[in-house]
Each structure stands twice: as structure tokens, then as C-alpha cells.
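**Student:** Next comes the sequence, and after it the predicted model I'd like to discuss.
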Amino acid sequence: MKSKILVIVLCFAGFFANAQTKVGTINSEFIVGLMPEAKNVLSDLNVYAKKLDSSYQVKLADYNAKVAAFQKLDPSLSDNFKKIKVEEINELEQDLQKSQQNGNSLINLKRDQLMNPLYKILGEAITEVAKAEGFTQVLTSSGNEFAYIDEAFDITEKVMAKLGVKMPPPSKK
């Protein structure tokens, strides 16, 4: 019985010893930033942000006008009337805050919507390069998740070549 278990353990040990992995790394954010389509995405996002900002500016102007009008109120007006005006201004202020938060959320959603096709193209190129080079795993290095990365396994430039994205010239410091 012990010899059978030993044989099974040795078989599995041999199998796992032969199963080698090849891990690659990629700086996906760097590549996406250099893709020609990224400029169009940024342009479209800026147009969208300006539209949102213009509606916010209208609300801000209304708020500022009401605050200025309140500050010019005759001091002899009733406290009840002043209280109503303060409540109106507070409501406008809350509406402004909600507008700003919604605007930020909408911009993030739009950015994700516009960037999705770029990440899909990048993902397909990564898959092709990884299969061609025999990588079993490719990890992104964009988030500074690693203390050490062997540059020999970085496939960033190979994926860039696959996509036809050019490496920018080194910056002069």
C-alpha cells in the first residue's frame, strides 16, 4: 500500500515539475496612452466635459445671483421671508454639489465607455503575442505592483509592434 502511494506521489511530482510557466509583464497604460485612438478619446471626453461644465456654470450663475440678491435684501424685511430665501439658497447649494458629483461620475462613465474599445484591441494583441511567445501568464506592471521585474519577460514593446504603436523618443532631462 505504501509503495502504491509513493508511486502515485512520484508521478504527480514529476508531472508538476515538468509543468513550467512563463510569465510576462506589460505596461498596458503606457501602450494605451500611445495608441492613436487615445487622442480621439481624450478629445471626445473634453467635448463631453465642456457640455457638462456649461450646464453646471448656468446653475452656478443662478446660485451666485440669488446669494447676491439675498445680501442686498432690506434689513427691515421679516425673519420669515429671510428664512425662506436662506432655504432656497441652501437647496441651490445642495443641487450644485449633486451636479458636480454627478458630472464627475458621468465623466468617469464616459471615459470607461470610450476606452473600452482600446482595451479590447490591446487585450487581443496581448493574447496574440503571449501565445506566439509561449507565455502562460502576463501581468500588468502599470500599477507598481512588483518589487522586481525581469525586463527579458516584458512584452510591452512586442505588443506595441503588433498594434503599430511607435515608442516615443526618450525625453531629455
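**Tutor:** Ah, there it is.

**Student:** where along this protein do the helices fall?
**Tutor:** Taking DSSP state H as the test, the helices found in the chain are 2-18, 28-34, 36-71, 79-133, 156-163.

**Student:** With only the CA atoms kept, save the last one in PDB.
**Tutor:** Below are the C-alpha coordinates for helix 156-163, written out as PDB (Å, rounded to 0.1, in the frame of the first residue of the first chain):
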ATOM      1  CA  THR A 156       5.200  45.800 -23.900                       C
ATOM      2  CA  GLU A 157       7.300  46.600 -27.000                       C
ATOM      3  CA  LYS A 158       6.200  43.400 -28.800                       C
ATOM      4  CA  VAL A 159       2.500  44.300 -28.200                       C
ATOM      5  CA  MET A 160       3.300  47.900 -29.400                       C
ATOM      6  CA  ALA A 161       4.800  46.500 -32.600                       C
ATOM      7  CA  LYS A 162       1.800  44.300 -33.100                       C
ATOM      8  CA  LEU A 163      -0.500  47.300 -32.800                       C
END
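
**Student:** please begin residue numbering at 4 from this point
**Tutor:** In the new numbering, first residue 4, that becomes helix 159-166.

**Student:** mean confidence for it?
**Tutor:** Mean per-residue pLDDT for helix 159-166: 90.

**Student:** how far does it sit from the chain's center?
**Tutor:** Distance, stretch centre to chain centre, for helix 159-166: 21 Å (Cα atoms, centre = their mean, to the nearest Å).

**Student:** Name the residues that touch it?
**Tutor:** With contact meaning Cβ atoms under 8 Å, 6 or more residues apart in numbering, helix 159-166 is reached by 28-30, 33-34, 37-38, 124-125, 128-129, 131-132, 136, 169-170. Backbone N, C-alpha and C define where each C-beta goes, glycine included.

**Student:** Most neighbours among those residues, which one?
**Tutor:** Compared across the contacts of helix 159-166, Ile29 has the highest neighbour count, 26 neighbours, by other Cβ atoms under 10 Å.

**Student:** Hmm, Val141 and that one touching each other?
**Tutor:** Yes: the criterion here is Cβ atoms under 8 Å, and Ile29 meets it with Val141 at 5.6 Å.

**Student:** between those two, what contacts are shared?
**Tutor:** Contact criterion Cβ under 8 Å, 6+ apart; residues shared by Ile29 and Val141: 129, 158.

**Student:** Below-threshold pLDDT in this structure: ranges please.
**Tutor:** Applying pLDDT under 70 to the chain flags the ranges 4-22, 146-153, 176.

**Student:** re earlier: so which of the helices of the chain is the most packed in?
**Tutor:** Sort these by mean neighbour count, taking mean count of other Cβ atoms under 10 Å, and helix 159-166 sits at the top with a mean of 19.
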